[in-house]
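Engineer: pasting the structure only:
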């Protein structure tokens, strides 16, 4: 079996278990937020996005 120059190996230390709950509030997760790095519900995605936006505004002042 060819691997196109890549050797198969596990490099993650993260748990691969998906509990289906938001990592911030324990509500049901709606998806994975790459910026946060975990599963979040829609409400926490919006709050985290607003926080990031506020931080960018402060940084850019």
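Structural biologist: Nice, I can see it. This one's a predicted model, so the numbers in the text were calculated from it and none came from an experiment. Residues are numbered from 1 along each chain as shown.
Engineer: When you work out contacts or count neighbours from here on, use the C-alpha atoms and nothing else.
Structural biologist: Will do.
Engineer: Pull out the buried positions in the helix or strand that residue 54 is a member of.
Structural biologist: Secondary structure here is read from DSSP states H and E; on that basis residue 54 sits in helix 42-60. Along helix 42-60, these residues count as buried under the neighbour rule (16 or more other Cα atoms under 10 Å): 42, 44-45, 48.
Engineer: same thing with stretch 34-44?
Structural biologist: 39-42, 44.
Engineer: Which of the buried residues of helix 42-60 sits closest to residue 22?
Structural biologist: Taking Cα to Cα as the measure, residue 22 sits nearest to residue 44 out of the buried residues of helix 42-60, at 8.0 Å.
Engineer: do you know how far that closest one is from residue 52?
Structural biologist: The gap separating residue 44 from residue 52 is 12 Å, by Cα to Cα, to the nearest Å.
Engineer: Next: residue 59.
Structural biologist: For residue 59, the distance to residue 52 equals 10 Å [Cα to Cα].
Engineer: before we move on, what about residue 32?
Structural biologist: Looking at residue 32 against residue 52, where the rule is Cα to Cα, the gap reads 16 Å.
Engineer: cool, and residue 34?
Structural biologist: The separation that residue 34 has from residue 52, given Cα to Cα, amounts to 13 Å.
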